[in-house]
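Chemist: sequence below, structure please.
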Amino acid sequence: MAVKFAMHEVKVNLRNKNKLKQFIGELFEREGQELEDLQYVFCSDEYLLTINQQFLQHDTYTDIVTFELSPTPEVTMGEIYISTDRVADNAEKFDVDFEQELHRVIFHGALHLCGFKDKTKKDEEKMRAKEDEYLYLYFEAK
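Modeler: Next up is the predicted model:
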C-alpha cells in the first residue's frame, strides 16, 4: 500500500503525514477495500477547475475530484485532487478549522474510492456519517 501527497502550486502543512498515511490505509481495510496506490494532489481552485472541465465536463469550482485508476475492482489505485482554496472557504463557511475540513475532504475522497456515493440525499447522509466517523477516529479516539 502506498499513499502519497503532492503539492501543485500550493503549500499545505500536513502534520503527522505518516500517521495520516497509515490511517488512510486503515480506512480502506475497515471498508473492505484493498489499497494498492493512492496519490493526493493539493492544488488551487483554478487548477482543479481545469481538471473538472477537461475530464468531467463540469464548469464549476469544487473542493475535490477523485479518479479511480485501477484496472480491477478488487484493488484500488487512484488519484485525488483537492483544492485548498475551496477547503479554506468551506472551513470558514462551516465554522471549522482548516485542518479538520482538509481531513474531511481527504477521507471523503478515500470513501469515494471505497464505493460511497453522494449524488442523492440518502447517499450524501451516509457519506457525511462516514466522514464524521473517520474524523472522530483520527482526531478523538485513543
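
Chemist: tell me which residues in the host helix or strand of Tyr81 are buried?
Modeler: Following DSSP states H and E, one finds Tyr81 within strand 75-83. Across strand 75-83, burial judged by 16 or more other CB atoms under 10 Å covers Thr76, Met77, Gly78, Glu79, Ile80, Tyr81, Ile82, Ser83. All C-beta atoms are positioned from the backbone trio N, CA, C, and that covers glycine.

Chemist: who's in contact with it?
Modeler: 28, 33-45, 47-48, 51, 61-70, 102, 105-106, 109-110, 113-114 (CB atoms under 8 Å, 6 or more residues apart in numbering).

Chemist: among those, which are in strands?
Modeler: Of the contacts of strand 75-83, the ones assigned to strands by DSSP state E are 34-43, 64-68.

Chemist: any quick ChimeraX command for the buried ones out of the residues you listed?
Modeler: Restricted to buried positions by 16+ other CB under 10 Å, the ChimeraX selection for these reads:
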select :35,38,39,40,41,42,43,64,65,66,67
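
Chemist: out of the ones in strands among the contacts of strand 75-83, which is nearest to Tyr138?
Modeler: Tyr40 (14.9 Å; CB to CB).

Chemist: so who does the closest one touch?
Modeler: Val3, Lys4, Phe5, Ala6, Glu79, Ile80, Ile82, Ile106, Gly109 are the contacts of Tyr40 under CB under 8 Å, 6+ apart.

Chemist: bridging residues for it?
Modeler: Phe5, Ile80 (DSSP bridges).

Chemist: let me know the pLDDT of the closest residue to Phe94 other than its chain neighbours.
Modeler: Sequence neighbours aside, Glu101 is the residue nearest to Phe94 in space, at 6.9 Å (criterion: CB to CB, 6 or more residues apart in numbering). On the pLDDT scale, Glu101 is placed at 98.

Chemist: over to Pro71?
Modeler: 89.

Chemist: same question, His58
Modeler: With respect to pLDDT, His58 scores 89.

Chemist: what's the closest non-adjacent residue to it?
Modeler: Asn52 (4.6 Å).

Chemist: the one you found and Val65 touch, don't they?
Modeler: Yes - taking CB atoms under 8 Å as the definition, Asn52 is a contact partner of Val65 at 5.9 Å.
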